[in-house]
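Participant: Take a look and give me a structure for this.
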Amino acid sequence: MRAQTLPARAGWQWIVGGFAIYRRNPPVLAFLVVTYWFIVAFLNLLPVVGALAASVVIPGLSVGLMQAARQLERGLVPNAQTLFGGFRENTRTLLTLGALYLLATLAALGMSTLFDGGALMHYMLADSKAERAAYEDADFTLSAVFLLICMVPVLMAWWFAPVLAAWHRLSVGKSLFFSLYACWLNWRAFVVFGAGLLLVAAVIPGTLLGLLLIALPGLQGFSAIIVTVAMALGVAPTVFSSFYVGYRDIFGISEIA
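Facilitator: Predicted coordinates:
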């Protein structure tokens, strides 16, 4: 298993490459991304086990989206079954990765209680607006910064782990290690990638929404719907495809078993 070190500009090229893949079949890729969202949202609605169920299936579903991007790049047409195809390879490892990610996130949240007495944790885990309202006046600054610092290595370890487990058949430990190592080697590219995502997924949509509100001040709800639909059908599929492009450039598709 080799991870290449890429220049910082590669981060932006991943987004450009993701858009190029999206353009090959926008309706199909948008449909798969929206289906992914609905599945995760539905599972999160389930009482008690919802969050665990959603976390467990996310790695497999994310591999399915990357498989769809790979198929589009190769001139093939993915279908609904592609989204669930990730579970066919190394299924137990993928499910374990999902469960461990939830535990790591909860552990980071738990440690943040040292800074605010548990206010941030209770706010994020609240089931209703009324419960969140009780903590809206709390100061989350230190705990939020601590949580962010803790989550950076967690995100690095899990960024490529699902696809490494599914396509390269690596164990839980090896997939987490090589993902962390690859992200560390390419931290400059990931900084640019993050800035690019902020531009594409926040700054541009926010500017578009602002312009629509100025042009159509009496249609605020309509303007919000337009931006939301654009995000769901255009920006999100591009972002998911960019994840595949990043994997392809760092690890190389020739290594797939």
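
Participant: how about Leu46, phi and psi?
Facilitator: phi -70, psi 130 (degrees, to the nearest 10).

Participant: and it, what does it touch?
Facilitator: Ala53 (CB atoms under 8 Å, 6 or more residues apart in numbering). To be clear about C-beta, it is placed using only N, CA and C from the backbone, and glycine gets the same treatment.

Participant: make it 10 Å
Facilitator: Neighbouring residues of Leu46 by CB atoms under 10 Å, 6 or more residues apart in numbering: 52-54.

Participant: Can you spell out which helices and strands pack onto the longest helix seen in the chain?
Facilitator: As assigned by DSSP state H, the longest helix anywhere in the chain is helix 91-116. If you count contacts as 3 or more CB pairs under 10 Å, 6 or more residues apart in numbering; DSSP states H and E, helix 91-116 packs onto helix 50-73, helix 119-125, helix 141-159, helix 161-167, helix 172-185.

Participant: Could you say which of those is packed most deeply?
Facilitator: Most buried of those by mean neighbour count (mean count of other CB atoms under 10 Å) is helix 161-167; its value is a mean of 27.

Participant: As TSV, the contacts of Leu46 with pLDDT and distance to Ala202 would be great.
Facilitator: Compiled in TSV, the contacts of Leu46 are given as follows (pLDDT from 0 to 100; distance: CB to CB, whole Å):
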residue	pLDDT	distance to Ala202
Leu52	89	29
Ala53	92	29
Ala54	92	24
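
Participant: In CSV, list those along with distance to Met151.
Facilitator: As requested, the contacts of Leu46 are arranged in CSV below (distance: CB to CB, whole Å):
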residue, distance to Met151
Leu52, 19
Ala53, 21
Ala54, 17
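
Participant: Comparing the helices and strands packed on helix 91-116, which yields the minimum mean pLDDT?
Facilitator: Mean pLDDT is lowest for helix 119-125 out of the helices and strands packed on helix 91-116, coming in at a mean of 81.

Participant: Assign a three-state SS to Thr5, would you?
Facilitator: With DSSP: H, G, I helix; E, B strand; the rest coil as the basis, Thr5 sits in coil.

Participant: show me the residues around the residue nearest to it when sequence neighbours are not counted that make contact.
Facilitator: By the measure of CB to CB, 6 or more residues apart in numbering, the closest residue to Thr5 outside its immediate chain neighbours is Leu185, 4.7 Å from it. Leu185 is in contact with 3-6, 250, counting by CB under 10 Å, 6+ apart.

Participant: from those residues, which would you call buried?
Facilitator: 3, 6, 250 (16 or more other CB atoms under 10 Å).

Participant: Torsion angles phi and psi at the first one?
Facilitator: So that's Ala3. Dihedral angles of Ala3 (phi, psi; degrees, to the nearest 10) stand at phi -120, psi 120.

Participant: separation between the nearest residue to it once chain neighbours are set aside and Gln4?
Facilitator: Residue nearest to Ala3 in three dimensions, not counting chain neighbours: Ala182, with 3.8 Å by CB to CB, 6+ apart. From Ala182 over to Gln4 the distance is 8 Å, taken as CB to CB, to the nearest Å.
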